[in-house]
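# below: sequence and its predicted model.
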Protein chains: 2
Amino acid sequence: MAEIDLGVIDLGIGRPHHAVLPVAEISAASLRVAAGGSRDGLQYGPDPGMYDLRSLLAHFLSAQYGLEVRSQELVMTYGASHALDLVLGRYTQPGDTVLVEDPTYFFALDVLRGRGVRPIPVAMDQQGIVPDDLRQQLRTHSPRLLYTVPTFHNPTGIVHTSARRQEVVALTKEHDCWIVADEVYHLLCDGTRPKPLRAYSADNVLSISSFSKILAPGLRLGWVEAAPRHIDQLLQCGVFRSGGAASPYVSSIVEEVITLGDLDRVLIGLRTFYADRMRGVVAALRHELPAEVTFEDPGGGFFLWLRAPATVDFEHLRDRARDMGVDYRAGSLFSCHGSFANCLRICCTYYSEQETREGIVRLGQFLRRTFS
Amino acid sequence: MAEIDLGVIDLGIGRPHHAVLPVAEISAASLRVAAGGSRDGLQYGPDPGMYDLRSLLAHFLSAQYGLEVRSQELVMTYGASHALDLVLGRYTQPGDTVLVEDPTYFFALDVLRGRGVRPIPVAMDQQGIVPDDLRQQLRTHSPRLLYTVPTFHNPTGIVHTSARRQEVVALTKEHDCWIVADEVYHLLCDGTRPKPLRAYSADNVLSISSFSKILAPGLRLGWVEAAPRHIDQLLQCGVFRSGGAASPYVSSIVEEVITLGDLDRVLIGLRTFYADRMRGVVAALRHELPAEVTFEDPGGGFFLWLRAPATVDFEHLRDRARDMGVDYRAGSLFSCHGSFANCLRICCTYYSEQETREGIVRLGQFLRRTFS
């Protein structure tokens, strides 16, 4: 194992492994675009995105979700974070409150703060958002939006149950609060999982997603899927009206990937890859972790959430972990009030299988020393 | 000419003609990227943009501008409008005032309004921004920013003189007001023109530009060029921190275009194309327009600004023009207070030479009837 070293193995990095990036499929699609000689991908495109791509994507999502998605319910963006920023720009004013899960995706907090809105945490448990706390926060703050990651939640990895999805949608509707569902990991789960959040309320939910996790992050192409009245609102955004469609050239490539059936094939491969990877990581953690540190098996996705006794501060301990050749993201990063200092997030996907296992061995050594 | 018809020839459309879109060069670059088999363009990239692209772009701009541009002064964006939105997001609060030229690019007004800032008009003449009025507005409003299009101004087509550039920079500096210089048309002018605005003050000016006008709009790749302290500010934006570099895949293609020397070659071709086109349009207008309608020859770029007596309202007259087979953008669209109703903007670049000439013939018929 000496040749693995890699200095500090940073299990905090939330990216796909380079081996799953579909270089052959993207190259094949690019060659077809080049051979076709069309200029469509080089000109400005229609504001909601290239027509053919939206139509192909609607068809693809309908089949995957088992739920009709129409192309007029889609607007293309430069990824899911850009989609979130766009929704905030149209639907919030600085000073507004937006509910977020506690813990939540830390960069989403950055996007919220960039728009001057105030994130208010809502409690979670193993089933998803806690309804009683949601009701309380809705009453107290009358928020405009709730931001949630219902499937393979970032950072905890959990999949919100169907019952909770139903309750959360019903409660937010009662309080005229819209939901922004960050569903970038949804397609990495198999058909036995709950449906995307718009299945529970097509009108109340804006789903944001992207090709980053199902094809390649470097394409920087995502979308908002929402009722046409929401799409119309988003298209008022000056950046679209001036620049036109998000990435016509990249769109022309992704159109070919979908047309050739490669998106379906890539996705089947990714599901197996990530499920296998998670199984391996869970087995390794069970072997390496001291009894003081617990976790739930998410069954897939990118992330695992480790819990230690309440006295621990993992941000404070990072230097020691790095000295032992491993890093992670401390739980406090994912909370707007700095909670979860005794938790940490690891990502199972960025390194090779062997490197990840070595990272977990080091994490186990670090944690055993911490609790010895 | 009967086969030209095309219904209504919309001289308002501000886009390049499809014939100048460099499909061969982009295809060649794409083939090299595909053949190289690198996964770099498929992964998340560094927040300011792909390193090689920024380095190649810095070198390219330094040579073109005759002015040192360093890669750490560049952050890649999804086009110039996205760059403007990004700058506004970091440097303004809703309710702030931003000075704009009167008239100004109408979609920039949309981007400003999307950020909740109040545009305040500053008078222009044939040399650029009028210093006395600028001084007055700076004193009255203490604005954070001035948005300007110094070269081939949109909509008037004029190139701000060097003397005016100097005065505008000096005045804004005195009042701690930064300048956002929208220089997307700058590289379409030849070396006899004044230098880009950062040549007059590297620290006070944030230059925004893109590959849209010098390569292809569909790439959706632009940049901010500014002092490193401004770049550091912009990189705090959550969308970058979450999504990483703007368009790694498109960047890998543009890197090849620059490396192959094709960007230089394309640009030389474009300058000739647009200068020829403008000469033809100016000659046609001199032949077709009634004496009541006047204009200045910008000598290049995309746009021409036509002025009629003050009693005319061109927005009101658009239906009549369309009935005669031609359209334009009414001047009032470019003013935050609805001024310039007696002016109109035409773009010389979207249609073929013959189609553009036919459009001008129809415009002449419409205007002659209006003033008969």
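All right, it came through fine. Numbers count the residues shown, from 1 in each chain, chains lettered A, B, ... in the order given.

# rest of the way, CA atoms for contacts and neighbours
OK.

# chain B versus the residue nearest to A:Gln126 when sequence neighbours are not counted, what's the distance?
Nearest non-adjacent residue to A:Gln126, counting by C-alpha to C-alpha, 6 or more residues apart in numbering or on different chains: A:Ile158, 6.8 Å away. A:Ile158 is 21 Å from chain B, where distance means C-alpha to the nearest C-alpha, to the nearest Å.

# in chain A, which helix is the longest?
helix A:262-288 (DSSP state H).

# picking that back up, is it correct that the residue nearest to A:Gln126 falls within a strand?
No - using DSSP: H, G, I helix; E, B strand; the rest coil, the assignment for A:Ile158 is coil, not a strand.

# for the lengthiest strand in chain A, which residues meet the burial criterion?
Using DSSP state E, we find that the single longest strand of chain A is strand A:118-125. For strand A:118-125, a neighbour-count test (16 or more other C-alpha atoms under 10 Å in any protein chain shown) marks A:118-124 as buried.

# show me what that strand is packed up against.
With contacts taken as 3 or more C-alpha pairs under 8 Å, 6 or more residues apart in numbering or on different chains; DSSP states H and E, strand A:118-125 sits against strand A:97-102, helix A:106-114, helix A:131-141.

# isn't A:Phe295 up against A:Phe303?
No - in this structure, A:Phe295 is not within contact of A:Phe303 by C-alpha atoms under 8 Å, at 11.0 Å.

# which of the two has more neighbours?
For A:Phe295 and A:Phe303, the more surrounded residue by other C-alpha atoms under 10 Å in any protein chain shown is A:Phe303, and the numbers stand at 26 against 16.

# what number of residues lie near the nearest residue to that one once chain neighbours are set aside?
Nearest non-adjacent residue to A:Phe303, counting by C-alpha to C-alpha, 6+ apart: A:Cys347, 4.5 Å away. As a burial measure, A:Cys347 scores 26 neighbours (other C-alpha under 10 Å).

# from the stretch 151-300 of chain A, which residue is nearest to chain B?
A:Gly218 (3.9 Å; C-alpha to the nearest C-alpha).

# which residues touch the residue in the stretch 1-150 of chain A positioned nearest to chain B?
Proximity of the stretch 1-150 of chain A to chain B (C-alpha to the nearest C-alpha) peaks at A:Leu42, 4.0 Å away. Applying C-alpha atoms under 8 Å, 6 or more residues apart in numbering or on different chains, we find A:Leu42 in contact with A:248-249, B:21, B:23, B:216-219.

# just the buried residues out of the residues you listed, in PyMOL syntax.
Buried subset of the contacts of A:Leu42, written as a PyMOL selection, criterion 16+ other C-alpha under 10 Å:
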select buried, (chain A and resi 248+249) or (chain B and resi 21+23+216+217+218+219)
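
# for the contacts of A:Leu42, give me CSV that also has pLDDT and secondary structure.
Below are these laid out as CSV (pLDDT from 0 to 100; DSSP: H, G, I helix; E, B strand; the rest coil):
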residue, pLDDT, secondary structure
A:Pro248, 96, helix
A:Tyr249, 97, helix
B:Leu21, 96, coil
B:Val23, 96, helix
B:Ala216, 97, coil
B:Pro217, 96, helix
B:Gly218, 97, helix
B:Leu219, 97, helix
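
# switch the contacts of A:Leu42 over to CSV; also include distance to B:Leu74.
Converted to CSV, the contacts of A:Leu42 look like this (distance: C-alpha to C-alpha, whole Å):
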residue, distance to B:Leu74
A:Pro248, 23
A:Tyr249, 23
B:Leu21, 25
B:Val23, 26
B:Ala216, 20
B:Pro217, 19
B:Gly218, 21
B:Leu219, 18
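
# relative to B:Ser27, how far out is the residue of the stretch 1-150 of chain A closest to chain B?
Separation of A:Leu42 from B:Ser27 (C-alpha to C-alpha, to the nearest Å) stands at 11 Å.

# next: A:Thr259.
20 Å.

# okay, the two: which has more neighbours?
Taking other C-alpha under 10 Å, A:Thr259 and B:Ser27 do not tie; B:Ser27 has more neighbours (22 against 15).

# got a pLDDT number for the residue nearest to A:Phe303?
pLDDT, A:Cys347: 96.

# over to A:Met1?
44.

# one step back: check contacts around the residue of the stretch 151-300 of chain A closest to chain B.
Neighbours of A:Gly218 in contact, by C-alpha under 8 Å, 6+ apart: A:212, B:40-45, B:247-249.

# could you rerun that using 10 Å?
A:21, A:79, A:211-212, B:39-45, B:243-252 (C-alpha atoms under 10 Å, 6 or more residues apart in numbering or on different chains).

# same thing with A:His186?
A:64-65, A:149-153, A:159, A:193-196, A:209, A:213-214, A:301.

# so A:Thr294 versus A:Leu306, what's the distance?
For A:Thr294 relative to A:Leu306 (C-alpha to C-alpha), the value is 6 Å.

# overlap of the contact sets of these two?
A:285, A:343.

# neighbour count winner among the two?
Shown here are A:Thr294 and A:Leu306; by other C-alpha under 10 Å, A:Leu306 has more neighbours (20 against 15).

# name the strands paired with the longest strand of chain A and say parallel or antiparallel.
Using DSSP bridges, strand A:118-125 pairs in its sheet with strand A:97-102 (parallel), strand A:128-129 (antiparallel).
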